[in-house]
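[1] Here is my input, please return the structure:
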Amino acid sequence: MGKITLTQVRKSFGETHVIPGIDLNIEHGEFVVFVGPSGCGKSTLLRLIAGLEDISGGKIEIDGTDATDLPPGKRGLAMVFQSYALYPHMSVKKNIAFPLKMAGMDEAAIEAKVQSAAKILNLANYLERKPGQLSGGQRQRVAIGRAIVREPAAFLFDEPLSNLDAALRVTMRQEISELHQKLATTMIYVTHDQVEAMTMADKIVVLNAGRIEQVGAPLELYNHPQNLFVAGFIGSPKMNLITGAEAQKHGCTTLGVRPEYIEVSADGPWQGTIGLAEHLGSDTFLKVDVPGIGMLTVRGSGEMHLHHGNQIRLGPQAGKIYRFGPDGKAL
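    Numbering: from 1, shown residues only. Reported below is the predicted structural model:
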């Protein structure tokens, strides 16, 4: 099992309140991603769940047991860090087996668990190698294998892919998602990359300044952001946010339109000048300066033959706008 419940969990460093108070339910088997900008408290929250930081108030329950004051080793959780933290003098097999050896498990049981983890992670042919002989992605797999053999109630990932190059990050995202399907174990994953969050999560927790802005499935957050922060953070490229007279015409303080929902048409209500055209093959991204509105990002097909300096007319698709009030909440 791996149900985790946070009740008014707080963390302060002196007079600085990093996490003012969070309530959150994580169900068994969910893949939950904590996402938000740098300094939003996502890694701190993960460390509180792991027991690596003491909470300043509130309660943490794991499978119905109060774990607030339990040391990390008694919580039944396994953490995978950004740095692989492997022993360079040990083989892959010994690195994976290390936590079991420390727990006093017999050699035959250790061997069986290591072989099982190595098979799941495609490391069976690398068990006798040292970490220095492996690629970054393979080293991260070894770190995950060391967590798997412990058979934890939940896996905690703290930005595990940030040290990898872009292509390898895509591959490892897929591998971790497939691992979740195989193990059917709760996973909590911290990242600042909202693309990682959108592609991997069952449930996303958007954090801002230590507070939860919104919790929901990826497409729920994308299609129904509850406030300006979530609207501007979830989505790549970001949602266009328009203020002033144009927003007031729609009865709101801020008008939101995603780049893919702005159409180039001869009778569009907005006229502007293209400042930048990015032709990426499958997509074209335009930066269009519209007087009285500002710079808008437009996403179109790869066949769009428009360039810097072109004058174009634009307009939002019917029914594809978002309206926000003066408090930043969705109307």
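
[2] top helix in this structure by residue count?
    For the chain, the helix with the greatest residue count under DSSP state H is helix 166-183.

[3] from the chain's centre, how far out does that helix sit?
    With CA atoms, centre = their mean, to the nearest Å as the basis, helix 166-183 stands 13 Å off its chain's centre.

[4] Please identify the buried residues of that helix?
    Under the neighbour-count criterion of 16 or more other CB atoms under 10 Å, helix 166-183 has 168-169, 172-173, 175-176, 179-180 buried. Placement of C-beta: from N, CA and C, glycine included.

[5] Would you quantify the distance from Ala78 to His308?
    Taking CB to CB, to the nearest Å as the measure, Ala78 falls 51 Å from His308.

[6] The two: who's more crowded?
    Higher neighbour count among Ala78 and His308: Ala78, with 22 against 11, using other CB atoms under 10 Å.

[7] circling back to that earlier point, quickly name whichever of the buried residues of helix 166-183 is closest to Leu221.
    In terms of CB to CB, no member of these lies closer to Leu221 than Arg173, at 18.0 Å.

[8] Quick one: residues contacting that closest one.
    Applying CB atoms under 8 Å, 6 or more residues apart in numbering to Arg173 gives the contacts 161, 196, 199-200.

[9] Now neighbour count too, for these, in TSV please.
    Below are the contacts of Arg173 laid out as TSV (neighbours: other CB atoms under 10 Å):
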residue	neighbour count
Leu161	23
Glu196	23
Thr199	14
Met200	22
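
[10] Please flag which of these sit within strands.
    Residues of those located in strands (DSSP state E): none.

[11] Mind listing what's buried along stretch 89-99?
    Residues of stretch 89-99 classed as buried: 91-99 (neighbour count, 16+ other CB under 10 Å).

[12] mind giving me JSON lines with the residues you listed and columns for pLDDT and secondary structure?
    Shown next, in JSON lines, are those (pLDDT from 0 to 100; DSSP: H, G, I helix; E, B strand; the rest coil):
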{"residue": "Ser91", "pLDDT": "94", "secondary structure": "coil"}
{"residue": "Val92", "pLDDT": "94", "secondary structure": "helix"}
{"residue": "Lys93", "pLDDT": "95", "secondary structure": "helix"}
{"residue": "Lys94", "pLDDT": "93", "secondary structure": "helix"}
{"residue": "Asn95", "pLDDT": "93", "secondary structure": "helix"}
{"residue": "Ile96", "pLDDT": "94", "secondary structure": "helix"}
{"residue": "Ala97", "pLDDT": "94", "secondary structure": "helix"}
{"residue": "Phe98", "pLDDT": "93", "secondary structure": "helix"}
{"residue": "Pro99", "pLDDT": "89", "secondary structure": "helix"}
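
[13] doesn't Gly315 make contact with Pro269?
    Yes - with contacts counted by CB atoms under 8 Å, Pro269 reaches Gly315, the gap being 5.0 Å.

[14] quick one: which of the two has more around it?
    Gly315 (15 against 12).

[15] May I have the predicted confidence score for the more buried one?
    Note on Gly315: pLDDT of 95.

[16] Could you do Ser83 as well?
    pLDDT, read off for Ser83, is 80.
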